[in-house]
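> What shape does this take:
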Amino acid sequence: DSCAVRWMIIAAFVVGFLAHGRLNYRRHANVFWMSALWLEGFAMVPQIWMMAHNGETDAYTGHWVGCSFISRLVAAAFWMSVYEEFDYKVSWNYPGYSVCLAYVLQVLLGCDFMWHYAKMMMSRVHSSMSAGVSFSV
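Next up is the predicted model:
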């Protein structure tokens, strides 16, 4: 296993600690929520990493990544429309921008895969799909 998940987990908690908002005035809950958001973004990386190195994946995995991408796209649209709602006491809304950045990164991670997924769906190949991944993670 060459995907360094440990560093993604550490990074998620560091960002969660540094960029948490004040949603309910409980610091630990806010840190955990922001960390979970970043972990959610990193959760797809090992799957994409595997597809990049193997060159193909089964259809069920492809559908899961595709549905996850659509979910992240809708969530990104939501948070980009309401990020000002974060309670912040400094000159700029760093928690709101951190949430938006997390979702933008999640969407960007899935864009290349979605191109190949869409081509596979158009050709109606169901048993397996060639990822043909053109990015390095």
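
> and the helix or strand harbouring residue 112, what does it pack onto?
Taking DSSP states H and E as the definition, residue 112 sits inside helix 94-123. Helix 94-123 sits against helix 27-42, helix 45-54, helix 59-82, strand 128-130, with contacts defined as 3 or more CB pairs under 8 Å, 6 or more residues apart in numbering; DSSP states H and E. Where you see a C-beta, it was placed from the backbone N, CA and C, and this is true even at glycine.

> Name the residues of the first one that are buried.
Of the residues in helix 27-42, those scored as buried under the neighbour-count criterion (16 or more other CB atoms under 10 Å) are 30-31, 33-35, 37-42.

> any idea how far residue 106 is from residue 53?
When distance is defined by CB to CB, to the nearest Å, residue 53 is 21 Å away from residue 106.

> Show me which of the two is the more surrounded one.
In terms of neighbours (other CB atoms under 10 Å), residue 106 is the more surrounded of residue 53 and residue 106; the figures are 24 against 12.

> quick one, what contacts the more buried one?
Residues near residue 106 by CB atoms under 8 Å, 6 or more residues apart in numbering: 40-41, 44, 72, 76.

> What is the burial count for residue 17?
14.

> what does the model give residue 48 for pLDDT?
For residue 48, the pLDDT comes out at 75.

> Adjust the sequence numbering to begin at 866 for everything that follows.
Understood, numbering begins at 866; the last thing we discussed is residue 913.

> Just to check, it is in contact with residue 931?
No: counting by CB atoms under 8 Å, residue 913 does not reach residue 931; the two are 11.9 Å apart.

> so what sits against both of the two?
residue 978.

> Grab the nearest non-local neighbour of residue 937.
Closest residue in space to residue 937, ignoring its immediate chain neighbours: residue 971 at 4.2 Å, by CB to CB, 6 or more residues apart in numbering.

> sorry, back to before: what distance separates the helix holding residue 977 from the centre of its chain?
7 Å (CA atoms, centre = their mean, to the nearest Å).

> Having no further points to raise, I will conclude here.
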